[in-house]
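In: This is a predicted model, with the sequence first.
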Amino acid sequence: MGGQIFHFLPDFLNLLVDTIPKLCKSKKDVLIFFESAGVSKKDLADVSEKVDKDTNSINKYEIARTVLVRLNKGRDDVLR
């Protein structure tokens with residue numbers, strides 16, 4: 001088959017995308033949540049830069065989805 005194996009099932013991924021932004025008050029808090037969960041600064045760099053440059057260019061849900069999809073597509077070493 002050779003297909004890509006994901007860490008999260010689609011329903012679980014969507015629940016995380018819906019929940020994490022509700023737990024965090026600000027966009028910076030969403031980034032801190034992921035960093036404290038062990039996501040590398042490299043994986044957060046572009047999203048963090050977007051927030052720093054123009055906070056209105058991305059919302060908390062987009063941040064969560066972007067990071068979680070990266071983790072989902074990543075190899076086992078991205079998970080702690």
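Out: Okay, I see it. Numbering: from 1, shown residues only.

In: where do the helices sit along the chain?
Out: Taking DSSP state H as the criterion, the chain carries its helices at 10-23, 27-36, 41-53, 60-73.

In: In JSON lines: those helices, plus mean neighbour count and mean pLDDT.
Out: Backbone N, C-alpha and C define where each C-beta goes, glycine included. Listed next are the helices of the chain as JSON lines, based on neighbours: other Cβ atoms under 10 Å; pLDDT from 0 to 100:
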{"stretch": "helix 10-23", "mean neighbour count": "14", "mean pLDDT": "95"}
{"stretch": "helix 27-36", "mean neighbour count": "17", "mean pLDDT": "97"}
{"stretch": "helix 41-53", "mean neighbour count": "14", "mean pLDDT": "95"}
{"stretch": "helix 60-73", "mean neighbour count": "19", "mean pLDDT": "93"}
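
In: Quick check: the gap between residue 30 and residue 68.
Out: To residue 68, residue 30 is 11 Å away according to Cβ to Cβ, to the nearest Å.

In: anything in contact with each of the two?
Out: With contacts defined as Cβ atoms under 8 Å, 6 or more residues apart in numbering, the residues shared by residue 30 and residue 68 are residue 20.

In: Not counting its neighbours along the chain, what's nearest the residue nearest in space to the middle of the chain?
Out: In the chain, the centroid-proximal residue (Cα atoms, centre = their mean) is residue 67; its distance is 2.2 Å. Leaving aside its sequence neighbours, residue 67 sits nearest to residue 34 (Cβ to Cβ, 6 or more residues apart in numbering; 5.2 Å).

In: hang on, that neighbour packs against residue 70?
Out: No. Look at residue 34 against residue 70 with Cβ atoms under 8 Å: they stay out of range, at 9.9 Å.
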